[in-house]
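Visitor: just a sequence and a predicted model for now, questions to come.
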Amino acid sequence: MKKPHIIAIVMTLIIVLWMASGIFSSNDGVEEEKKPTQANQKMLVQVEDKNAERVFLTLTIQGQVEPNRQVSIRSDLKGRIASLKFEEGDFVQAGEVLASLDIEDREIRLERQKALLKSRQESYKRTKTLSQSSLQSQSMLEDAFAELKAAESELAQLEFEISKLNILAPFDGIVESRTVEAGSFVNENAEIAQLVDNRTLKVIAPVAQRDIQKVSLGKLATIKLATGEELAGKVSFISPVANQSTRTFRVEILLDNENGDLPAGMSAEIHIPTVEVNAHFISPAILALDTAGNIGVKTVTDNAKVEFHSIDIVKSETAGLWVTGLPPRARIITIGQGFVEAGAAVDIQIAGAQ
């Protein structure tokens, strides 16, 4: 008998609880309606005013330092090395005797040839005198003249050969290496030493065909050596023909090395100024992307609205980037750029301001 009363009480409690839940959910809706009002507050961003600056764009290429002149000293004759007058590392002057070959029997042959020439000269004189008196035929005179010229030629050849016994330095330089010893027998064209002139160095680098028009003779260049030293030089040579394999052009830059402090053979980084542009120097940390994926920088207008500017990176340095695409004077967002979109109104704080 009591069950209907119990059921009624339970049903009443359920209805009351259901109505109460509706009230509470209604209150939650009121709270949610208040939230958008808070979200409409302006974002605070930090900005920095920057002016565009004139900056030189440079072509950067890798190269190698080589001596201005380097030659292999060779013997014109075969023979035995009679004397050596240099050591590796010696500085020698142009025309200085580096080595001498043994004269061997050439001196004896020289005296014999001189005697033969004298005899041929006397013979020709007698034949010529008799020919003028019609006591000798013209053909005998011609034969005597031919023998005289042959003797003169053989003597000149032998004297020239003897002059080649002394091997001379072709220019001022340092002996890089020596390949023979006194008493060694050498054949014709045998290498005696390597001579290097490094008082002037040349930096050789390949320039891509797309960049070759940016380089011109006499243009100043900055050379950064592997040792960390930075030197100035001038473009002295541009190959008129590209390398068939690499499609690059050989460019040479001369460096003064009068006291020989800089060694050849080092790698070098070459910076050649090309054009001058107006650009802003920025930190890479402030770069942003727009909805289309373009890289750029966000700025604030005079009426405190955010603007997005697509930029081009024209030069990079350790401390930052040089970019184009910004107004000549730009109020750049340096903190908070990731939380605002183009067109949004913002509150600003000037960087460094108290």
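Guide: Thanks, I have it.
Visitor: which SSE is immediately downstream of the helix or strand bottoming out on mean pLDDT in the chain?
Guide: In the chain, no helix or strand scores lower on mean pLDDT, DSSP states H and E than helix 3-39, which sits at a mean of 48. Downstream of helix 3-39, the first helix or strand assigned by DSSP states H and E is strand 43-51.
Visitor: so what strands line up beside that next one?
Guide: If you go by DSSP bridges, strand 43-51 pairs up with strand 329-335 (antiparallel), strand 346-350 (parallel).
Visitor: which residue is the nearest non-sequential neighbour of S283?
Guide: Sequence neighbours aside, G320 is the residue nearest to S283 in space, at 5.2 Å (criterion: Cβ to Cβ, 6 or more residues apart in numbering). Yep, even glycine has a C-beta here, placed from its N, CA and C like the rest.
Visitor: for N198, same thing?
Guide: Per Cβ to Cβ, 6+ apart, closest to N198 is P67, 4.3 Å.
Visitor: buried sites along the helix or strand hosting the one you found?
Guide: Element membership of P67 [criterion: DSSP H and E] is strand 53-74. The neighbour-count check on strand 53-74 (16 or more other Cβ atoms under 10 Å) flags 55, 57-59, 61, 63, 65-69, 73 as buried.
Visitor: partners of it in the sheet?
Guide: Partners of strand 53-74, by DSSP bridges, with direction: strand 191-208 (antiparallel), strand 267-282 (antiparallel).
Visitor: how about the longest one: buried residues?
Guide: By that I understand strand 191-208. Judged by neighbour count (16+ other Cβ under 10 Å), strand 191-208 contains these buried residues: 192-199, 201-203, 205-207.
Visitor: just the last one next, same as before
Guide: Residues of strand 267-282 classed as buried under the neighbour-count rule (16+ other Cβ under 10 Å) are 268-272, 274, 277, 279-280, 282.
Visitor: and the furthest pair within those?
Guide: By the measure Cβ to Cβ, A268 and H280 form the most distant pair in the buried residues of strand 267-282, at 30.3 Å.
Visitor: who's in contact with the residue lying closest to G260 once chain neighbours are set aside?
Guide: Leaving out its chain neighbours, the residue that sits closest to G260 by Cβ to Cβ, 6+ apart is N198, at 5.9 Å. By Cβ atoms under 8 Å, 6 or more residues apart in numbering, the residues touching N198 are 67-68, 173-174, 257, 260, 262-264.
Visitor: ditto for K305
Guide: With Cβ under 8 Å, 6+ apart, K305 has these contacts: 343-346.
Visitor: pLDDT wise, what is it at?
Guide: Per-residue confidence (pLDDT) for K305: 94.
Visitor: for it, give me phi and psi.
Guide: Per-residue torsions, K305: phi -110, psi 150 (degrees, to the nearest 10).
Visitor: equivalent analysis for N189, please.
Guide: N189 adopts backbone torsions of phi 70, psi 20, taken as degrees, to the nearest 10.
Visitor: low-confidence stretches in this protein?
Guide: Applying pLDDT under 70 to the chain flags the ranges 1-40, 133-136, 352-354.
Visitor: show me the domain layout of it.
Guide: 43-55+278-350, 60-66+197-276, 103-164 (automatic domain parsing).
Visitor: compute the first-to-last residue distance for the shortest one.
Guide: The one in question is domain 103-164. The stretch domain 103-164 measures 10 Å between its terminal residues, going by Cα to Cα, to the nearest Å.
Visitor: next one: it to chain centre, how far?
Guide: Chain-centre distance of domain 103-164: 62 Å, with Cα atoms, centre = their mean, to the nearest Å.
Visitor: ok, the second one next?
Guide: Averaging C-alpha coordinates over domain 60-66+197-276 and over its chain gives two centres that are 5 Å apart (Cα atoms, centre = their mean).
Visitor: also stretch 342-354?
Guide: Taking Cα atoms, centre = their mean, the mean C-alpha location of stretch 342-354 is offset from the chain mean by 44 Å.
Visitor: hmm, I81 and A182 touching each other?
Guide: Yes. Using Cβ atoms under 8 Å, A182 is in contact with I81, at 5.4 Å.
Visitor: what about the residue lying closest to I311 once chain neighbours are set aside, neighbour count?
Guide: Nearest residue to I311, sequence neighbours excluded (Cβ to Cβ, 6+ apart): G325, at 3.8 Å. As a burial measure, G325 scores 16 neighbours (other Cβ atoms under 10 Å).
Visitor: who wins on neighbours among the contacts of N198?
Guide: G173 (24 neighbours).
Visitor: give me the nearest residue to that one, chain neighbours excluded.
Guide: D197 (4.1 Å).
Visitor: swap in S184?
Guide: Using Cβ to Cβ, 6+ apart, the nearest residue to S184 is I81, at 4.8 Å.
Visitor: one more: S72?
Guide: E191 (5.2 Å).
Visitor: in this structure that neighbour contacts S177, no?
Guide: No. Checked against Cβ under 8 Å, the pair E191 and S177 is beyond contact range at 9.1 Å.
Visitor: separation between P273 and A279?
Guide: In this structure, P273 and A279 are 14 Å apart, going by Cβ to Cβ, to the nearest Å.
Visitor: okay, the strands paired with strand 53-74 in CSV with distance to A292 next?
Guide: Below are the strands paired with strand 53-74 laid out as CSV (distance: least, Cβ to Cβ, whole Å):
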stretch, distance to A292
strand 191-208, 31
strand 267-282, 21
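Visitor: the nearest residue to V323 once chain neighbours are set aside and L254: what is the separation?
Guide: Leaving aside its sequence neighbours, V323 sits nearest to I311 (Cβ to Cβ, 6+ apart; 4.2 Å). Taking Cβ to Cβ as the measure, I311 falls 38 Å from L254.
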